[in-house]
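>>> sequence first, then the predicted structure, then my questions.
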Amino acid sequence: MVRIAQIGAGSLGTRRVLPSVRQHDADLVGICDLEIEKAQRAAKRFGIEGVFTDYREMIEATRPDGVVICIGPVAHQELAPEVMRLGCHVYTEKPPSATADQAKRVAEVSRETGKICMTAFKKRFAPAYTKAKAIMDSEEFAPPALLSIDYASGPYENPPDDPRRQFLLDFAIHIIDLSRYLFGEVAEVNARKQELDSYAVLLQFESGAVGTLALTCHRTFRVSTEKVELTGAPGHFISLEDSSVMTYYRDDQIAAHHKAAFFTAGADSLVETGFAGEMGEFIAAIAEDRQPESSIESSYRSMVLYEAIRDSAATQEPVLLKGGERNTS
């Protein structure tokens, strides 16, 4: 059985990550937090024997196969390389780092050590999106033509000197990654913004498809706003809403449909929102000795796309990409 330890016993780690581990074939062998009381509460709740304030001691004492790092992007980029060098596979929450360059360095350590480093981009694992992706990959739907996403949150403080607490990196990064997951790599980005609160983004994909992203934090967290339209060959299109409802239309007929049979209050179903699926993928990748979906290599390219949107919006100039990297030629 895969042995999992976790660094961080805060709200996200105890409300979503640890419960997701418990849904899979894995042993929770250690929990670490600088505030020992938090770690003790999590250990009692989830039946974890090892409680620590030093992650090095935790790894030495419990010998986990994989370590979940659930603190923040700066800690992700600092701790992930060290934990991999200590011999453990790594799962971090999103984003994988504060910058694309830092994510690239983490990816280099993953290659050097042969250890998995996975980023928790949950939307890749929400059943509505995985079913949509399977339809998009079918011969009848292909080729993809148009991506349209409207995504919003409640207000963000958006401190100008701290990108990790800004709407674009902390919240919209989910949709930035989802765009690549669904339509592939982007060739050109044109973006405009209203301060740091709202973004209008035009994407030209390497496949020839085009896409638009409307991103804002001028709404509310109490009303979920996540509307996605995927258009393929003539007459084929998919509508998705709130990561939980998917309808595939073939001309004027419904060809496939997904709707959550049960959804907890506040849209917090671990299955439908993707939390359980992403943890299951991490555990399975360890057990099967393979790279996971949402590996650090892919997450690095999502960070490149994030920075391209940020920079295009700041300069009002297009940014060119190639193969998920900045195109400097």
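That came through, no problem. Numbers count the residues shown, from 1 in each chain.
>>> make it CA atoms for all contacts and neighbour counts henceforth
OK.
>>> any low-confidence regions in the stretch 1-150 of the chain?
Scanning the stretch 1-150 of the chain for pLDDT under 70 picks out nothing.
>>> the host helix or strand of residue 56: which residues count as buried?
Using DSSP states H and E, residue 56 maps to helix 55-62. The neighbour-count check on helix 55-62 (16 or more other C-alpha atoms under 10 Å) flags 55, 58-59, 62 as buried.
>>> in the protein, which residue is most central in space?
By C-alpha atoms, centre = their mean, the chain has its centre lying nearest to residue 121, at 1.3 Å.
>>> distance-wise, check residue 133 relative to residue 257.
Using C-alpha to C-alpha, to the nearest Å, residue 133 is found at 13 Å from residue 257.
>>> spell out, range by range, the strands that occur in the stretch 1-150 of the chain.
Ranges of strands in the stretch 1-150 of the chain, per DSSP state E, counting those that start in this stretch, are 2-7, 26-32, 50-52, 66-69, 89-93, 117-120, 146-152.
>>> adjacent strands (with direction) for the fourth one?
Sheet neighbours of strand 66-69, with direction, are listed as strand 2-7 (parallel), strand 89-93 (parallel) (DSSP bridges).
>>> mind checking the SS state of residue 220?
Secondary structure state of residue 220, per DSSP: H, G, I helix; E, B strand; the rest coil, is coil.
>>> neighbours around it, how many?
12 (other C-alpha atoms under 10 Å).
>>> which residue is the nearest non-sequential neighbour of it?
Leaving aside its sequence neighbours, residue 220 sits nearest to residue 154 (C-alpha to C-alpha, 6 or more residues apart in numbering; 3.7 Å).
>>> that neighbour contacts residue 215, correct?
No - Residue 154 lies out of contact with residue 215 (C-alpha atoms under 8 Å); the separation is 11.3 Å.
>>> could you give the angle of the helix holding residue 56 to strand 26-32?
Angle, helix 55-62 to strand 26-32, by axes from the mean of the first three to the mean of the last three C-alpha atoms, to 10 degrees: 140 degrees.
>>> just to revisit the earlier point, so between residue 154 and residue 215, which is more surrounded?
In this view residue 154 and residue 215 are compared by other C-alpha under 10 Å, and residue 215 has more residues nearby, 23 against 15.
>>> what residues does the helix or strand hosting the more buried one touch?
Per DSSP H and E: residue 215 is located in strand 210-216. Residues outside strand 210-216 that contact it (C-alpha atoms under 8 Å, 6 or more residues apart in numbering) are 145-153, 167, 172, 197-205.
>>> for the very next helix or strand once past it, what is the average pLDDT?
Following strand 210-216 in sequence order, the next helix or strand is strand 225-231 (DSSP H and E). Averaged across strand 225-231, pLDDT comes to 96.
>>> all strands for the stretch 201-329 of the chain, in order.
Using DSSP E, counting those that start in this stretch, strands in the stretch 201-329 of the chain cover 210-216, 225-231, 236-241, 245-250, 253-259, 319-322, 325-326.
>>> among those, which is nearest residue 90?
For the strands of the stretch 201-329 of the chain, the distance to residue 90 is smallest for strand 325-326, at 23.7 Å, taking C-alpha to C-alpha.
>>> distance from the chain centre to the helix of greatest length in the chain, please.
In the chain, taking DSSP state H as the definition, the longest helix is helix 296-315. Distance of helix 296-315 from the chain centroid (C-alpha atoms, centre = their mean, to the nearest Å) equals 14 Å.
>>> go on, stretch 15-35?
18 Å.
>>> list the buried ones in it?
Using 16+ other C-alpha under 10 Å as the test for burial, stretch 15-35 gives 17-22, 24, 26-33.
>>> thanks again, I'm all set now.
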